[in-house]
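Peer 1: everything below, folded, please.
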Amino acid sequence: MKQLIISEWERLWKRKTTWLLFVAIPILVFAAAKYYQKQNLFFTKNDPQFAVAGNFPILGLSEMLMTAFNIIILLLAAFIITDEYRTGQLRMVMIRSYSFQKVFFAKFIVMVGVLTLYLIIYFIISYLIGSLMFSRPEAYSQFYHKDSFTLLEGFLYNLKFYGVAWLTLLAMSCVLIFIATISYSTTTALGAGVGFLLLSLVFQYTLRLFQPILGNEMTTKLYFSSILAIQTEGITAMLSENAQQFSWMYYILIGYILLFGLLLFFVTRKKDNFL
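Peer 2: Purely as a prediction, here's the structure:
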C-alpha cells in the first residue's frame, strides 16, 4: 500500500496542472493583498477587517477558501479520479493486483496530502507578502475578540484558523471526490461539482428569507450546515471568545466526512465487484 501511495504521488506531480496550481499561489496571495490594500481605505486601524501583516494570512485565506481552494479540489478530483477511470488509466494500475478500492484510497490520501501542502505554502507566502505590503503593529484587533492580539497571539490564532480551514477542505474533498467517483465523464464531474457549490450558495441566501418563520437559532444552525457558510463566516465564529456554534459546525464537518466517506467506501467496493 505504501508503494502504491508513493506511485500515485509521483503520478500526480507529473501533471502540469498540479504544478500550475502551486505556481498560482503567489498570484492568489498577491491579488488578495491588493484587494485588502484598497479595502483598508474604508476601515479604521481598530477594525478587525483592517489588514495588517499579522491578520492578513487569515483575511487572504478567507477570500480564497470558498472559491479558489474548492475549485482546486474539484479539478484534482475530476482529473485524477474521473478522467483516469474513464480513460482506462486506472485499469493499468490495477493490473498489478491492486483493487479499485486500494487505488482509490491511495488517490484520496495523495489528494489530502497535496491540499495540506498547498495550505501550508499558502500560509507561509501570506506571511511573507503580508509583511511586505502591510504595516506590522505590535497589536491589532481580531474578529469577535474584545482585546487586541499581539503578534504571537495572532500567529497562534492563525494556526487554529488554518487548522479549521483544513477540516472544511477535507469535508469538501469527501463530497467532491464522491461526485467525481460516480460521474461518467470529466465534464460531468466538473459540472456536478460546480452545481453542488452553486446550490450551496443558493441555499444560504434563500434560507434567510425564511428567518421570520424558522427563528434566529434554527436559521443559524441550518445556515451553518453548509460547508461554504462555515468557510466564509463560520470559522471566525468558531474561534470567537464565546466559541459561537463551535460544536454545531464541528459536528457538521465531521458528519460530511463520515457520510461521504462511507458512501465512497460502498461505491468503490461495488466497483471492485463489477470490474
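Peer 1: please count neighbours and contacts with C-alpha atoms only from this point.
Peer 2: OK.
Peer 1: this protein: strands as residue ranges?
Peer 2: 139-140, 149-150 (DSSP state E).
Peer 1: tabulate these (a markdown table), appending mean pLDDT, mean neighbour count and distance to residue 45.
Peer 2: What follows is these, written out as a markdown table (pLDDT from 0 to 100; neighbours: other CA atoms under 10 Å; distance: least, CA to CA, whole Å):
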| stretch | mean pLDDT | mean neighbour count | distance to residue 45 |
| --- | --- | --- | --- |
| strand 139-140 | 92 | 20 | 8 |
| strand 149-150 | 93 | 16 | 13 |
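Peer 1: want to throw those strands into JSON lines with distance to residue 54?
Peer 2: JSON lines is the format used below for these (distance: least, CA to CA, whole Å):
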{"stretch": "strand 139-140", "distance to residue 54": "8"}
{"stretch": "strand 149-150", "distance to residue 54": "9"}
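Peer 1: for residue 267, find the nearest of these.
Peer 2: For those, distance to residue 267 was read as CA to CA. The smallest value, 47.1 Å, belongs to strand 149-150.
Peer 1: please enumerate the helices of the protein.
Peer 2: According to DSSP state H, the chain carries its helices in the segments 2-13, 16-39, 56-64, 70-77, 83-86, 89-94, 100-133, 151-182, 186-207, 211-214, 216-223, 227-229, 235-238, 246-274.
Peer 1: elements contacting the shortest one?
Peer 2: Looking back up the chat, that one is helix 227-229. Contacting helix 227-229 under the criterion 3 or more CA pairs under 8 Å, 6 or more residues apart in numbering; DSSP states H and E are the following elements: helix 151-182, helix 186-207.
Peer 1: Throw these into JSON lines and include mean pLDDT, mean neighbour count and distance to residue 253, thanks.
Peer 2: JSON lines is the format used below for the helices and strands packed on helix 227-229 (pLDDT from 0 to 100; neighbours: other CA under 10 Å; distance: least, CA to CA, whole Å):
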{"stretch": "helix 151-182", "mean pLDDT": "94", "mean neighbour count": "20", "distance to residue 253": "6"}
{"stretch": "helix 186-207", "mean pLDDT": "90", "mean neighbour count": "16", "distance to residue 253": "14"}
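Peer 1: now the ones you listed as CSV including distance to residue 216?
Peer 2: Output for these, formatted as CSV (distance: least, CA to CA, whole Å):
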stretch, distance to residue 216
helix 151-182, 24
helix 186-207, 11
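Peer 1: for the ones you listed, which one sits closest to residue 236?
Peer 2: Of all these, the one in closest proximity to residue 236, counting by CA to CA, is helix 151-182 (7.6 Å).
Peer 1: between helix 70-77 and the closest one, find me the angle.
Peer 2: Orientation check (axes from the mean of the first three to the mean of the last three CA atoms, to 10 degrees): helix 151-182 against helix 70-77 gives 40 degrees.
Peer 1: just checking, what packs against helix 151-182?
Peer 2: By 3+ CA pairs under 8 Å, 6+ apart, helix 151-182 packs against helix 56-64, helix 70-77, helix 100-133, helix 186-207, helix 227-229, helix 235-238, helix 246-274.
Peer 1: measure the most centrally placed residue in the chain to residue 228 for me?
Peer 2: Nearest to the mean C-alpha position of the chain, counting by CA atoms, centre = their mean, stands residue 169 at 2.9 Å. If you measure residue 169 against residue 228 using CA to CA, to the nearest Å, the figure is 10 Å.
Peer 1: for residue 69, which non-adjacent residue is spatially closest?
Peer 2: Of all residues not flanking residue 69 in the chain, residue 169 sits nearest, at 7.8 Å (CA to CA, 6 or more residues apart in numbering).
Peer 1: so who does that neighbour touch?
Peer 2: When contacts are counted by CA atoms under 8 Å, 6 or more residues apart in numbering, residue 169 touches 69, 70, 115.
Peer 1: where's the residue lying closest to residue 75 once chain neighbours are set aside relative to residue 25, distance?
Peer 2: In this structure, residue 75 finds its nearest non-sequential neighbour in residue 190, 7.3 Å apart by CA to CA, 6+ apart. To residue 25, residue 190 is 22 Å away according to CA to CA.
Peer 1: cool, residue 130 as well?
Peer 2: Residue 130 sits 14 Å away from residue 25 when distances are taken as CA to CA.
Peer 1: if you count surrounding residues, which of the two has more?
Peer 2: residue 130 (24 against 19; other CA atoms under 10 Å).
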